[in-house]
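1. generate a structure from the sequence data that follows.
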Amino acid sequence: MVKKQSFEASLKELEEIVKEMESGNLSLEEAIKKYEHGIKHSKYCNAFLNTTEKKIILLAKDNDGNSIEEIFEDEQDDIQP
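-> I've put the predicted structure just below:
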């Protein structure tokens, strides 16, 4: 089980695991351990995203309880780093 942490922290750790595995510098045993740990982080992130999606769907209802479908446009997409 992945220790309780934020989605962002878990995703960052998953990205680090991928980098380490892609480097080719791990022994088979180390790679297997990293893979197992990565799968746990992947499942955690996926479950978090699924739960968040369900919350958003629940919030996207009108006063009569009818579902409304709106495209979410992130205003930050236009901002350049």
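
2. tell me which element the most centrally placed residue in the chain falls in.
-> Computing the C-alpha centroid of the chain and ranking residues by C-alpha atoms, centre = their mean puts residue 45 first, at 3.5 Å. According to DSSP states H and E, residue 45 maps onto helix 28-59.

3. with residue 5 instead?
-> Using DSSP H and E, residue 5 falls within no helix or strand.

4. now the residue of the chain positioned farthest from its centre: phi and psi?
-> Most distant from the centre of the chain: residue 64, at 32.3 Å, with distances by C-alpha atoms, centre = their mean. Dihedral pair for residue 64: phi -90, psi 0, per degrees, to the nearest 10.

5. same deal with residue 60?
-> Here is the backbone geometry of residue 60 (degrees, to the nearest 10): phi -90, psi 60.

6. what's the answer for residue 61, then?
-> phi -130, psi 150.

7. now do the contacts for it.
-> Residues counted as contacts of residue 61 (C-beta atoms under 8 Å, 6 or more residues apart in numbering) are 67, 68. Bear in mind the C-beta positions are built from the backbone N, C-alpha and C, glycine included.
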